[in-house]
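# sequence unavailable; structure follows:
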């Protein structure tokens, strides 16, 4: 969202630059709400179901602006995407640390390394796909990644 969200709203929906930039604020607001609620929801449903739910919410949020390229649909999607991805990193760090409580460092480092690869590779990947297709098509990477997260969340081991 940070790198391509506003560009997508501007190009796909015709939003002005200022309105397109608001999309990131909506995404960030979704993240805030997600972080504030995550611990309570996770404690009720467990890590696996929580992560699966996060993937579903974020996946829907990523798909809505592509399916309906309007400013309002973009804002709705960006808010849901932020809500869905808000707690993924803290939950995955916590879960990784819990797999080996005596030595959590290596597990957290491994998860962090994977996260940085995604953070660095994601925007250029979307840019490269945009060059060969369209930005709207390239943005489908996000729901595909959320579907992958949903599948992988079923492999989390309970504590």
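Perfect, I can see it now. As the structure is a computational prediction, the values presented were derived from the model and not from experiment.
# now do the contacts for the residue minimising distance to the centre of the chain.
The chain has residue 85 as the residue nearest its centroid, 4.0 Å off, counting by C-alpha atoms, centre = their mean. Applying C-beta atoms under 8 Å, 6 or more residues apart in numbering, one finds that residue 85 lies in contact with 31, 34, 54, 58. C-betas here are computed from N, CA, C, even on glycine.
# swap in 10 Å and give it another go.
1, 27, 30-31, 34, 54-55, 57-58, 61-62, 142, 145-146, 149 (C-beta atoms under 10 Å, 6 or more residues apart in numbering).
# now residue 152
For residue 152, the residues meeting the contact criterion (C-beta under 10 Å, 6+ apart) are 51-52, 55, 92.
# report all helices and strands that the host helix or strand of residue 114 contacts.
Applying DSSP states H and E as the criterion places residue 114 in helix 104-132. With contacts defined as 3 or more C-beta pairs under 10 Å, 6 or more residues apart in numbering; DSSP states H and E, the packing partners of helix 104-132 are helix 5-13, helix 88-99, helix 135-138, helix 141-153.
# same thing but 7 Å
With contacts taken as 3 or more C-beta pairs under 7 Å, 6 or more residues apart in numbering; DSSP states H and E, helix 104-132 sits against helix 88-99, helix 135-138, helix 141-153.
# direction-wise, compare the strand or helix carrying residue 83 with helix 141-153 and give the angle.
Element membership for residue 83 (DSSP H and E) is helix 71-85. Between the direction of helix 71-85 and that of helix 141-153, the angle (axes from the mean of the first three to the mean of the last three C-alpha atoms, to 10 degrees) works out to 30 degrees.
# shaky segments in this structure?
When the per-residue scores of the chain are filtered using pLDDT under 70, the ranges that remain are 157-159.
# between the two ends of stretch 91-107, how far is it?
Across its full length, stretch 91-107 reaches 13 Å between end residues, using C-alpha to C-alpha, to the nearest Å.
# so what touches that stretch?
Defining contact as C-beta atoms under 7 Å, 6 or more residues apart in numbering, one finds that stretch 91-107 is touched by 42, 47, 50-51, 108, 111, 156, 159.
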